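S.K.: Here is my input; please provide its structure:
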Amino acid sequence: MTMGTLAQIALGALAITFMTFVAFFGRLPALRHTPIAWLHRAIWVYIPNGILALDQRLTSGRLTTGLGRLGSYIMYDRHPTVLIFFLLLLSVGEYMYLPGAWPRLSLLHRVLGSASMALPYIFLYLAAARDPGVVTAATHARYMTHYPYDFALFHPGQSCRTCGLLKPPRSKHCSVCKRCVHKMDHHCVFINNCVGYGNQHYFILLLLSTATLTLYGGLLGLTIIADVARSRNPSFTLFPKPPSWSWREYLILLTFGIQSDVGVGSVTLLALMTSPLVWVLLAYHMYLIYSGTTTNESMKWQDWQLEMDDGCAFRRSLPFDRPRDPRIEAPWTRWPVEPVQVLVRTEDGAPPNVASSAELGVGEWERVWRLRDIENLYDLGFWDNLVDVFVPNYSFRGADAMINTDLERGKRRSRKPPTASRASNLIAAAT
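M.R.: Model prediction:
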């Protein structure tokens, strides 16, 4: 393997990573006026429209019609294509990496390496096979008691036009799976399943195990490459570069270490280049847990911020002893806090008509300009949010729940609800 070949492999891997990033993240609101958004539109709008116009002239649209059906199936139907690709990426990478690396590993690294390789397969199976929280007639009543409606993102009385069921709080209909999912985060093509209330913890563990595997494998591969290079020149150090060496000398010896075993070298480079993306994705989902929200809800908060920027968002108090209609709202939930406000939007920026909205709270309507003035009902603090994810069906209400509810929500009113900020939005549609 020459230096030119190595550079081509590295550039190719970087190009694939970059285009994957553009394809997944380019549609996010935070990137609307950036080159990433333009490239995303080029991939999904400009280039397809150009091909469509050319095919219309050449074959009267027959070719693009067939490709359109295939593309629609790939993009909007549930199929295991990406899941199979992910499995092949793991298994083929390990097949290429292990023959050259295993004899050089100590007993400790063999044990740790075996565990780090097995865990992604286990959590991938659990995340893909586990029910994400599909809302059916059998599960509807139970999911209605998990969370209260917050009267901001989720309001009682709304039904799914496809499933025909009343939407439980925090649920969303998945257009890919064709079903409503409780506490819907997003549909993940890598697991061929939705990420929701029933499998979110397995998805987080899949990200953690995959991030650990890529980082551990990449660093271990670097040590093997450095050992091989050191056998050629004992003064070689991976980092920092020996001060007396030129970059040319350093890269020639590094290339020798990589090309001594193409399997170890190429998989090491791939692992090191993909590991940051997996860690950032994991960090984003941990941020969502910290904020007490989901990918779907962070997008809704972003929409509310746009409404606030236009001066079209209003709120007023919601009494604790308000009457509840048992036909559309559960009389009791396991959640320890209740909504204290109702948030609405108007088309013209004028306050809602008090007479026509008498059932929505009490008092005067107050215009809202900032998300920090709105309570996120689903944020109990990081540790309780973590319990909600990793301990399904955990009841946060004790015997004195009704007494403490008002106190707890009073303490939490100053908490800023999560926003789909520029940094976090980069990962919002990643999977």
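
S.K.: Flag every buried residue along stretch 267-278.
M.R.: For stretch 267-278, a neighbour-count test (16 or more other Cβ atoms under 10 Å) marks 267-275, 277-278 as buried. Where you see a C-beta, it was placed from the backbone N, CA and C, and this is true even at glycine.

S.K.: chain center to it: distance?
M.R.: From the chain centre to the centre of stretch 267-278 is a distance of 19 Å (Cα atoms, centre = their mean, to the nearest Å).

S.K.: for stretch 117-127, same thing?
M.R.: Computed by Cα atoms, centre = their mean, the chain-centroid distance of stretch 117-127 equals 18 Å.

S.K.: before we move on, back to that, can you tell me which of the buried residues of stretch 267-278 is closest to Ala129?
M.R.: The closest of the buried residues of stretch 267-278 to Ala129 turns out to be Val278 (Cβ to Cβ; 21.2 Å).

S.K.: Return the residues in contact with that closest one.
M.R.: Taking Cβ atoms under 8 Å, 6 or more residues apart in numbering as the criterion, Val278 is in contact with 207, 210-211, 214.

S.K.: ok, so of those, who is nearest Asn296?
M.R.: Nearest to Asn296 among the contacts of Val278: Leu207, at 17.5 Å, using Cβ to Cβ.

S.K.: what does the model give that closest one for pLDDT?
M.R.: Leu207 carries a pLDDT value of 97.

S.K.: ok, it - contacts?
M.R.: Counting by Cβ under 8 Å, 6+ apart, Leu207 touches 278, 281-282, 285.

S.K.: let's see it at 10 Å
M.R.: Contact analysis of Leu207 by Cβ atoms under 10 Å, 6 or more residues apart in numbering lists 120, 123, 127, 190, 278-279, 281-286, 431.

S.K.: before we move on, what about Ile328?
M.R.: If you count contacts by Cβ under 10 Å, 6+ apart, Ile328 has them with 144, 149, 155-159, 166-167.

S.K.: Would you report the backbone torsion angles of it?
M.R.: The phi/psi pair for Ile328 (degrees, to the nearest 10) reads phi -130, psi 0.

S.K.: Starting from Leu165, give me the distance back to it.
M.R.: From Ile328 over to Leu165 the distance is 12 Å, taken as Cβ to Cβ, to the nearest Å.

S.K.: Need the overlap of contacts for those two.
M.R.: In contact with both Ile328 and Leu165: Ser159, using Cβ under 10 Å, 6+ apart.

S.K.: which residue ranges form the helices in the stretch 101-250 of the chain?
M.R.: Shown for the stretch 101-250 of the chain, the helices assigned by DSSP state H, counting those that start in this stretch span residues 107-129, 140-144, 200-232, 247-259.

S.K.: Can you say which of those helices is packed in most?
M.R.: Stretch with highest mean neighbour count among these: helix 200-232 (a mean of 20; mean count of other Cβ atoms under 10 Å).

S.K.: The closest residue to Phe123 other than its chain neighbours: what's it in contact with?
M.R.: Once flanking residues are discounted, Phe123 sits nearest to Leu206: 3.9 Å by Cβ to Cβ, 6 or more residues apart in numbering. Residues near Leu206 by Cβ under 10 Å, 6+ apart: 86, 119-128, 188, 190-191, 195, 199, 278, 282.

S.K.: re earlier: in helices, which of the buried residues of stretch 267-278 appear?
M.R.: Counting by DSSP state H, the buried residues of stretch 267-278 place 267-275, 277-278 in helices.

S.K.: What is the nearest of those to Ile252?
M.R.: Leu269 (16.7 Å).

S.K.: Pretty sure that closest one sits against Gly218.
M.R.: Yes: under the criterion of Cβ atoms under 10 Å, Leu269 is in contact with Gly218, at a separation of 8.1 Å.

S.K.: For Arg142, see how far away the closest residue to His182 other than its chain neighbours is.
M.R.: Nearest non-adjacent residue to His182, counting by Cβ to Cβ, 6+ apart: Gly133, 3.5 Å away. Note on Gly133: its distance to Arg142, by Cβ to Cβ, is 10 Å.

S.K.: before we move on, the earlier item: tabulate the buried residues of stretch 267-278 in JSON lines, adding columns for distance to Trp335 and pLDDT.
M.R.: Shown next, in JSON lines, are these (distance: Cβ to Cβ, whole Å; pLDDT from 0 to 100):
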{"residue": "Val267", "distance to Trp335": "46", "pLDDT": "92"}
{"residue": "Thr268", "distance to Trp335": "47", "pLDDT": "92"}
{"residue": "Leu269", "distance to Trp335": "47", "pLDDT": "89"}
{"residue": "Leu270", "distance to Trp335": "44", "pLDDT": "90"}
{"residue": "Ala271", "distance to Trp335": "41", "pLDDT": "93"}
{"residue": "Leu272", "distance to Trp335": "43", "pLDDT": "91"}
{"residue": "Met273", "distance to Trp335": "42", "pLDDT": "89"}
{"residue": "Thr274", "distance to Trp335": "38", "pLDDT": "91"}
{"residue": "Ser275", "distance to Trp335": "37", "pLDDT": "93"}
{"residue": "Leu277", "distance to Trp335": "34", "pLDDT": "90"}
{"residue": "Val278", "distance to Trp335": "32", "pLDDT": "94"}
